[in-house]
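> any chance you could fold what I've pasted below:
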Amino acid sequence: MSDDPRRLLMVAFHYPPDNTSTGVLRTLKFTQYLEEFGWMCDVLSVPETLYSSTDPASLEKIPDAVRVHRAWANDIKKISSIRGLYPAFLGVPDRYWLWIWPALRQAKRLLRGDHPFKAVFSTYPVPSALLIGLLLKKRHGLPWIADFRDPWVEDSMAGWEKLVGARIERAVLEQADRVVCNTPRMREWFMQRYPQVDADKLVTIPNGYDARELAEVIPAPLKKFQIFYGGVIDGENRNPRPLLAGVRHAIDQGWIDASQLHITFLGAGAYGVGAAFTQDVERLRLQDYIELCEQRIPYAQALQRAAGADVILVLSEALGDDEAAEKERQWSRLQVPVKVYEGLGMQRQILALVSDGAAKDILTETRSGVAVPPTDVEGIARALRRLYERWQAGSSAEAADQAQLEKYSRKSLAGRLAATLDELV
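Here you go, the predicted structure:
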C-alpha cells in the first residue's frame, strides 16, 4: 500500500447490509481491495431501512478503514402511493431520487473534512447515484468515474422515462472523466450509441470472483448430480423451462439416471411457487428431483451450496419470438450474470442458457463451461449428458485457462480501477 493513500468517495445505493442485489458485491469488493493499491474509500449510501432484504453478517466484510455515510432517502412509491398506485412520472429517473439533495449536502460536509477526496466514483443501476456524481463534478470539480454495472436506457422504455433517462445518460457519458463498462460488449454498445464521446474515456472493468473469500468456503456437496441455480427466476429472461425440458429429454434418452439427479433453486422468488413454474415441473414429471427455496438466503450460505454443486446454471435470455423478447435478448447479450463469475472462481462446470453475447464470450475465453441457446432443447440435453458423464467419472471441475481466470479476480479488477484513478489524479 502507498505511504500516502488517496481517498475516494464512492456513491452507491447498494452496500452492505443490503441483500437485495448481487450488485452490492461490486462496490464492496472494490472497497476491500483498493487500499492495497493506495486508495482509501468513503462510501456514500442510503439508510439501511430502504433495503427490502438485509444480511447483517455482511457488515463484517466492510474494511475497518472504510467510512460509510448514509444520507437521508426515501422510496417515492411508498410515500406517494394510494392503494398501491402512484403517478409513474414520480419514479423517474428512479424511485429514490429524493436521495440526491441530502447526499450532496453530506458530500459537501465530507469535503470539508480532514481527508479531502481526490476523486468520485458513482455506480449504476440506480440512476440517482450517477446524478449525484455528475453534480459533485460540476460543483466541486473532482475527477469523476461513472460505473455502469448494467446498461441503462433500453429500447423498450417509452415516454417520460425514456426522455429523462436518455438526457441524463448522455450527460453522464459526455461529462464523466471515465465511464466504466462491465463487459466489452457494453463498451462497444456505448461507442456506437455515442460516437461523439472519446473512446479512450470508456474503460472495461468486469465483475469477478473473490479468490480470497472463495478459498474460505466449505462446499456443501450432495451425493447426487446437482444442478444449482441461485437467485430469482421469472417467466421472461430467467425462465428455467428450457432447462427442465432439456433434463426431461436427457432422462428419456437414458443419458441421465433420474435417481441420481438433484436440481436446486435457491432464492427463486414468487415465480418459483407460482402456477406457471409448478405446471412446467408437473408436466415434465420432475417434482421428485427439485429442491426450491422461495426466499433469499445469506450470501455465504448460497456460496457453500454453489461450491458443492456439480453444475452452475445461468439463465439470462428472454424466451418468445415477439419484438419485446428480441429487445430483451439484445440487452442481455451485453451482460454477464454474477453466477458466471462465481462459477469461474469455484471452478465448477457452468451451463449457461444463452446465445452469442458477453456471457458466452467469457466462457469461451476461460474454457469454463458451455453456452447453449435456450431454444435448443436437444443441445441442452446433450450438454447435460456430457456434464453428467464427467460427474460419473469423478470430476466436476473444468480444465479452465488459469491465466484467463486470474484476470477476473476481484483483486486484479480493483487494480485496474486503481490504475484508472491514478491516471485521473
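> distance from whichever strand or helix holds residue 79 to the middle of the chain?
In this structure, residue 79 sits in helix 76-80 according to DSSP states H and E. Put simply, helix 76-80 sits 26 Å off its chain's centre (CA atoms, centre = their mean, to the nearest Å).
> ok, now stretch 37-46?
Distance, centroid of stretch 37-46 to centroid of chain: 20 Å (CA atoms, centre = their mean).
> how does the chain divide up, domain by domain?
6-208+409-424, 213-404 (automatic domain parsing).
> save the ones you listed as a markdown table, and put in mean pLDDT and mean neighbour count too.
Where you see a C-beta, it was placed from the backbone N, CA and C, and this is true even at glycine. Listed next are these as a markdown table, based on pLDDT from 0 to 100; neighbours: other CB atoms under 10 Å:
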| stretch | mean pLDDT | mean neighbour count |
| --- | --- | --- |
| domain 6-208+409-424 | 92 | 18 |
| domain 213-404 | 92 | 19 |
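> and the contacts of stretch 50-63?
For stretch 50-63, contacts defined as CB atoms under 8 Å, 6 or more residues apart in numbering pick out 16-20, 24, 28, 31-32, 35, 48, 68, 73-75, 96, 296, 298-300.
> need the CA coordinates for it. PDB is fine.
The C-alpha trace of stretch 50-63 is given here as PDB (Å, rounded to 0.1, in the frame of the first residue of the first chain):
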ATOM      1  CA  LEU A  50     -34.600   1.100   2.200                       C
ATOM      2  CA  TYR A  51     -33.200  -2.400   1.700                       C
ATOM      3  CA  SER A  52     -36.000  -5.000   1.500                       C
ATOM      4  CA  SER A  53     -33.600  -7.700   2.400                       C
ATOM      5  CA  THR A  54     -30.500  -7.400   4.600                       C
ATOM      6  CA  ASP A  55     -27.700  -9.700   5.700                       C
ATOM      7  CA  PRO A  56     -26.200  -8.300   8.900                       C
ATOM      8  CA  ALA A  57     -23.300 -10.700   8.600                       C
ATOM      9  CA  SER A  58     -22.100  -8.900   5.500                       C
ATOM     10  CA  LEU A  59     -21.400  -5.800   7.600                       C
ATOM     11  CA  GLU A  60     -18.400  -7.600   9.000                       C
ATOM     12  CA  LYS A  61     -16.900  -7.700   5.500                       C
ATOM     13  CA  ILE A  62     -16.600  -3.900   5.300                       C
ATOM     14  CA  PRO A  63     -12.900  -3.000   6.000                       C
END
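> ok, then the element right after the helix or strand containing residue 213?
Per DSSP H and E: residue 213 is located in helix 211-215. Sequence-wise, the next helix or strand downstream of helix 211-215 (DSSP H and E) is strand 225-230.
> just say helix, strand or coil for the closest residue to residue 265 other than its chain neighbours.
Of all residues not flanking residue 265 in the chain, residue 292 sits nearest, at 4.6 Å (CB to CB, 6 or more residues apart in numbering). Secondary structure state of residue 292, per DSSP: H, G, I helix; E, B strand; the rest coil, is strand.
> contact partners for residue 292?
264-265, 268, 272-273.
> ok, residue 372 next?
Counting by CB under 8 Å, 6+ apart, residue 372 has contacts 351-354, 379-380, 383.
> redo the residues you listed as a markdown table? Include distance to residue 311 and secondary structure.
As requested, those are arranged in a markdown table below (distance: CB to CB, whole Å; DSSP: H, G, I helix; E, B strand; the rest coil):
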| residue | distance to residue 311 | secondary structure |
| --- | --- | --- |
| 351 | 5 | strand |
| 352 | 11 | strand |
| 353 | 12 | strand |
| 354 | 15 | coil |
| 379 | 15 | helix |
| 380 | 11 | helix |
| 383 | 9 | helix |
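> export those to JSON lines and tack on distance to residue 90?
Formatted as JSON lines, those follow (distance: CB to CB, whole Å):
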{"residue": "351", "distance to residue 90": "42"}
{"residue": "352", "distance to residue 90": "38"}
{"residue": "353", "distance to residue 90": "37"}
{"residue": "354", "distance to residue 90": "35"}
{"residue": "379", "distance to residue 90": "45"}
{"residue": "380", "distance to residue 90": "43"}
{"residue": "383", "distance to residue 90": "46"}
